[in-house]
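A.B. asks: structure here, sequence nowhere to be found:
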């Protein structure tokens, strides 16, 4: 939706020279993105959501608001006249009701029902739509700071074996088959056999399930296995970006997996240095692959200086 | 594979006039199938697996053997010269090793590795293949006693609402998309949004997951939801037949779902009378649908006199 679509009530169109406005939830990512943007010479404004944004971010934020206080949020955004707005950092799976007020103020009931009924992606897509209705340009990390995303390649010291590569291909194919559906972005595949598909419980809970399956009767005899994480084909990365971090590696190791394959150019690695170090220490491979499971032989992540870790 | 492929060691070809040999695991189904076959005037021989088959079945069995005692099993099968053999009743997700001996006796190592590596379906497919190698005709409940499978229609007193029917269509489409993969036969869909896809943990554990998701933050605001259960397209129903029963209804109700849709002609309803009664009592719909989610308006199950339950 272009700014010209102009829903009633917005007054200031964004200016190309304006700042990047971060609507910041939890975790380290909002801070990392702010730094990446500053490195690129872009002015930054931070709107931090109280109770979600980390303390360090709250300290440097231009405004701290309650998630449901959409009036203050929109007033601030308008006064900043940002060139681009980005949603960054989880707001920890809020109840849809948290957005209800904001949505209700700008869109009609039928649309809200459709948005709320269409799952998680639908909900955040609704927020993006409201922002766009108001004339804001909503961008994603993938366009604002692509260096934060994993680049094709082997990120750690361990290389995937042939069986793992076969399992990765199965996982990528299964995720591609599920692309039309609003469902998880991860699968666990053991010996080319799908052991778990991620639902709204998230990757960590899915890996816990694989771990308990393995200690049950079923997977005991099946060694290895991989975690495959990739966005749906055609997924709006402004709304949902597949993410892994050190904890993902720890959980994958606990689930008995041999490694992790993520979608190159479309997956965020939180704290890449520690993530790679954890993988190396536990003997797991960590690779960023294309849709067919192929990857470059050159090292991948370098934005935050990873790969250097032993 | 036809009997003419003749692996070494088998001597007696099956006779069309021979009995149906039931290789019977746990649950009520082996007994129900035996009765259905007797009603059809077919002679029946029962080989019950010790520790799996129910006591009542063990009492009427022609032979009771340990699962791993493949030599006695094959000797009995040969002496019975069955017209058809059917695998019926779960052997509770045995460790692949349990079949290892049987497989090893008849097929080469590479084939065994491929079979064991290809998951649950692959494992049972391997057993079917071994039986066929030995010249036996392996049949399924769907051909031997189709009256035990749910027929298209509304099975209970409650009809699905429009939203549930939309969710059923989403669930069927997702299962169809996953058909090429060896993964679960069930999904839970809430307001057209996939809340869970069944993995090797089984339907009950998946429903438990939906229940815990709902008590978490995510599904709280989303009402209803359906369980959709259907075989993969092209699935060998001799090897794996989607099954529901009274417990499935209880778990679906506990997960906050509004009803259950199963694949007409390809889903077994254990104890249909009690299953329908549980659904009616809890206000859940229970329907058997075609691949597009449509169903006949005439009542479905009648084999065991269900539908009569209030």
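C.D. replies: Good, I have the coordinates. Since this is a predicted model, take the numbers as computed values, not measurements. Residues are numbered from 1 along each chain as shown, chains lettered A, B, ... in the order given.

A.B. asks: make it CA atoms for all contacts and neighbour counts henceforth
C.D. replies: Will do.

A.B. asks: can you map out the helices along the stretch 101-250 of chain A?
C.D. replies: In the stretch 101-250 of chain A, the helices defined using DSSP state H, counting those that start in this stretch lie at A:109-117, A:119-133, A:141-144, A:162-177, A:203-215, A:246-254.

A.B. asks: residue A:262 against residue A:229, yeah?
C.D. replies: Yes. If you go by Cα atoms under 8 Å, residue A:262 and residue A:229 touch, sitting 4.8 Å apart.

A.B. asks: more crowded one of these two?
C.D. replies: Counted by other Cα atoms under 10 Å in any protein chain shown, residue A:262 and residue A:229 do not tie: residue A:262 has more neighbours, with 31 against 28.

A.B. asks: next up, the contacts around the more buried one.
C.D. replies: A:150, A:228-230, A:286-289 (Cα atoms under 8 Å, 6 or more residues apart in numbering or on different chains).

A.B. asks: stretch A:38-54: which residues count as buried?
C.D. replies: A:42-54 (16 or more other Cα atoms under 10 Å in any protein chain shown).

A.B. asks: quick one: it near chain B?
C.D. replies: No. Shown here: stretch A:38-54 not in contact with chain B (Cα under 8 Å from any Cα of the partner chain), separated by at least 15.0 Å.

A.B. asks: ok, of the contacts of residue A:262, which one's closest to residue B:64?
C.D. replies: Nearest to residue B:64 among those, counting by Cα to Cα, is residue A:228 at 44.2 Å.

A.B. asks: can you pull the pLDDT of the closest one?
C.D. replies: As predicted, residue A:228 sits at a pLDDT of 98.

A.B. asks: quick one: it and chain B, what's the gap?
C.D. replies: When distance is defined by Cα to the nearest Cα, to the nearest Å, residue A:228 is 15 Å away from chain B.

A.B. asks: mind listing what that residue touches?
C.D. replies: Contact analysis of residue A:228 by Cα under 8 Å, 6+ apart lists A:168, A:171-172, A:186-189, A:260-262.

A.B. asks: buried ones only from the residues you listed, please, as a ChimeraX command.
C.D. replies: Buried members of these, defined by 16+ other Cα under 10 Å, are picked up in ChimeraX with:
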select /A:168,171,172,186,187,188,189,260,261,262
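
A.B. asks: which of the contacts of residue A:228 sit farthest apart?
C.D. replies: Farthest apart among the contacts of residue A:228 by Cα to Cα are A:189 and A:262. That separation is 13.4 Å.

A.B. asks: dump the helices of the stretch 101-250 of chain A into a markdown table; add distance to chain B as well.
C.D. replies: Formatted as a markdown table, those follow (distance: least, Cα to the nearest Cα, whole Å):
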| stretch | distance to chain B |
| --- | --- |
| helix A:109-117 | 6 |
| helix A:119-133 | 6 |
| helix A:141-144 | 25 |
| helix A:162-177 | 6 |
| helix A:203-215 | 7 |
| helix A:246-254 | 17 |
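
A.B. asks: out of these, which one sits most buried?
C.D. replies: Highest mean neighbour count among the helices of the stretch 101-250 of chain A (mean count of other Cα atoms under 10 Å in any protein chain shown): helix A:162-177, with a mean of 22.

A.B. asks: quick one on the thing from earlier: export the helices of the stretch 101-250 of chain A to TSV and tack on distance to residue A:74 and mean pLDDT?
C.D. replies: What follows is the helices of the stretch 101-250 of chain A, written out as TSV (distance: least, Cα to Cα, whole Å; pLDDT from 0 to 100):
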stretch	distance to residue A:74	mean pLDDT
helix A:109-117	18	53
helix A:119-133	9	75
helix A:141-144	21	93
helix A:162-177	36	95
helix A:203-215	33	89
helix A:246-254	35	96
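
A.B. asks: okay, those in JSON lines with distance to residue A:31 next?
C.D. replies: Shown next, in JSON lines, are the helices of the stretch 101-250 of chain A (distance: least, Cα to Cα, whole Å):
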{"stretch": "helix A:109-117", "distance to residue A:31": "29"}
{"stretch": "helix A:119-133", "distance to residue A:31": "21"}
{"stretch": "helix A:141-144", "distance to residue A:31": "12"}
{"stretch": "helix A:162-177", "distance to residue A:31": "30"}
{"stretch": "helix A:203-215", "distance to residue A:31": "23"}
{"stretch": "helix A:246-254", "distance to residue A:31": "17"}
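
A.B. asks: residue A:21 and residue B:244, how far apart?
C.D. replies: 52 Å (Cα to Cα, to the nearest Å).

A.B. asks: residue A:227 now?
C.D. replies: Distance, residue A:227 to residue B:244, using Cα to Cα: 30 Å.

A.B. asks: so for chain A, the centremost residue is which one?
C.D. replies: Ranked by distance to the mean C-alpha position of chain A (Cα atoms, centre = their mean), the top residue is residue A:241 at 2.7 Å.

A.B. asks: by mean pLDDT, flag the weakest helix or strand of chain A.
C.D. replies: Least confident helix or strand, chain A: helix A:109-117 with a mean of 53, by mean pLDDT, DSSP states H and E.

A.B. asks: where does residue A:64 fall, helix, sheet strand or coil?
C.D. replies: Secondary structure state of residue A:64, per DSSP: H, G, I helix; E, B strand; the rest coil, is strand.

A.B. asks: what is the neighbour count of it?
C.D. replies: Neighbourhood size, residue A:64 [other Cα under 10 Å]: 21.

A.B. asks: go ahead and confirm residue A:146 touches residue A:265.
C.D. replies: Yes. With contact defined as Cα under 8 Å, residue A:146 reaches residue A:265; the gap is 7.3 Å.

A.B. asks: got any residues that touch both of those two?
C.D. replies: By Cα under 8 Å, 6+ apart, no residue touches both residue A:146 and residue A:265.

A.B. asks: so residue A:229 bridges to which residues?
C.D. replies: residue A:186, residue A:262 (DSSP bridges).

A.B. asks: so who does it touch?
C.D. replies: Taking Cα under 8 Å, 6+ apart, we find residue A:229 in contact with A:185-187, A:242, A:260-263.

A.B. asks: of those, closest to residue A:139?
C.D. replies: Nearest to residue A:139 among these is residue A:242, at 15.9 Å by Cα to Cα.

A.B. asks: skipping adjacent residues, who's closest to the closest one in space?
C.D. replies: Excluding the flanking residues, the one nearest residue A:242 by Cα to Cα, 6 or more residues apart in numbering or on different chains is residue A:267, at 4.9 Å.

A.B. asks: count residues in the vicinity of that neighbour, would you?
C.D. replies: If you count neighbours by other Cα under 10 Å, residue A:267 ends up with 24.
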